[in-house]
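S.K.: how does the following fold in three dimensions:
(one chain, ligands or ions: 2)
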Amino acid sequence: TATATPVLEVSGLGKSFLGVAALQDVGFTLREGSVLGLIGPNGSGKSTALDCITGFTRPDSGQVRLRGRDISGRPAHQIARSGLVRTFQTIRLYDELTVGEHLGLALRGLSAEDAGSDDLRQYWLEAFKLLRFRDAPAGILSYGQKKLVALAAVLVARPAVVLLDEPLAGVNPLVIEVIDQAIKHANEAGQTFLIIEHNVEFITSCCAEVVVLDAGRKLAEGPPSVIWDDPAVYEAFLGR
Ligand code: ADP
Ligand code: MG
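M.R.: Ligands and ions are numbered 1, 2, ... in the order given. Presented below is the predicted three-dimensional model:
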């Protein structure tokens, strides 16, 4: 709800590549326990915004606050350890490492090896039907399974804030359903989400609020029902 505590506050975010603006003065607030959608046409700056927020790219301007603390320009591993963890649009797995090793690596990287982590590892491996692949190298998995491993690697560490870059892109409807349920489950358990997605049905059912980017700028924000009826949003997606 609009009254919940802000967890992540982004303001005035700007980033250019070789003089071309990928992001200009982008700002939004992610509230405790919410699922915020970040949408926009290809090239509108969504992934760059995530890169700036999570420390994978240094923004040229603007501020990122996590629970009121300025984390702008901090290194990625430090931001991750403070509870803000992401996935990538392009899957980043090591072909030679097993599924189990990926989850172990994720937990160690986040210093999240605690009493509950074994149970959680088991839970997500089961939920994602990956148990029998625990000792299999990631390289043999299907694209959808790789997406699930990348997501499990984030969820096992139970970060307070989860940022997902196109979690459903390229996966079949059965896997979409599994990921949809996983996000809703983790959200009900208290995790806050920022999700870049093109899937309208998913955005509508998961996100109370949506931020729309177009050509590096914030075009609109509001509940999905209002956003889908906005002629400016429609026009942005059709292209001009
Ligand atoms: P989206 O995720 O919304 O599709 P991106 O954030 O990936 O968009 O890209 C926004 C713009 O920034 C695009 O024009 C893209 O070509 C450019 N861009 C993104 N990353 C880089 C980079 N590392 N170097 C140069 N240009 C980039
Ligand atoms: Mg992208």
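
S.K.: residues touching residue 109, list them.
M.R.: For residue 109, the set of contacting residues under the criterion of CB atoms under 8 Å, 6 or more residues apart in numbering consists of 77, 80. Yep, even glycine has a C-beta here, placed from its N, CA and C like the rest.

S.K.: what bridges to residue 220?
M.R.: residue 212 (DSSP bridges).

S.K.: hang on, it packs against residue 212?
M.R.: Yes: assessed by CB atoms under 8 Å, residue 220 is found in contact with residue 212 at 4.4 Å.

S.K.: shared neighbours of the two, anything?
M.R.: What both residue 220 and residue 212 touch, as defined by CB under 8 Å, 6+ apart, is the set 227, 230, 233.

S.K.: tell me if the last one really is in a helix.
M.R.: Right, residue 233. Yes: with DSSP: H, G, I helix; E, B strand; the rest coil as the criterion, residue 233 is assigned to a helix.

S.K.: near it, how many residues? Count them for me, please.
M.R.: Per other CB atoms under 10 Å, the neighbour tally for residue 233 reads 21.

S.K.: ok, it - contacts?
M.R.: Counting by CB under 8 Å, 6+ apart, residue 233 touches 212, 219-220, 227.

S.K.: can you tell me the closest non-neighbouring residue to the residue positioned nearest the centre of the chain?
M.R.: Nearest to the centroid of the C-alpha atoms of the chain, with distances taken as CA atoms, centre = their mean, sits residue 164, at 1.7 Å. By the measure of CB to CB, 6 or more residues apart in numbering, the closest residue to residue 164 outside its immediate chain neighbours is residue 195, 4.7 Å from it.

S.K.: which secondary structure element contains that neighbour?
M.R.: If you go by DSSP states H and E, residue 195 is part of strand 192-196.
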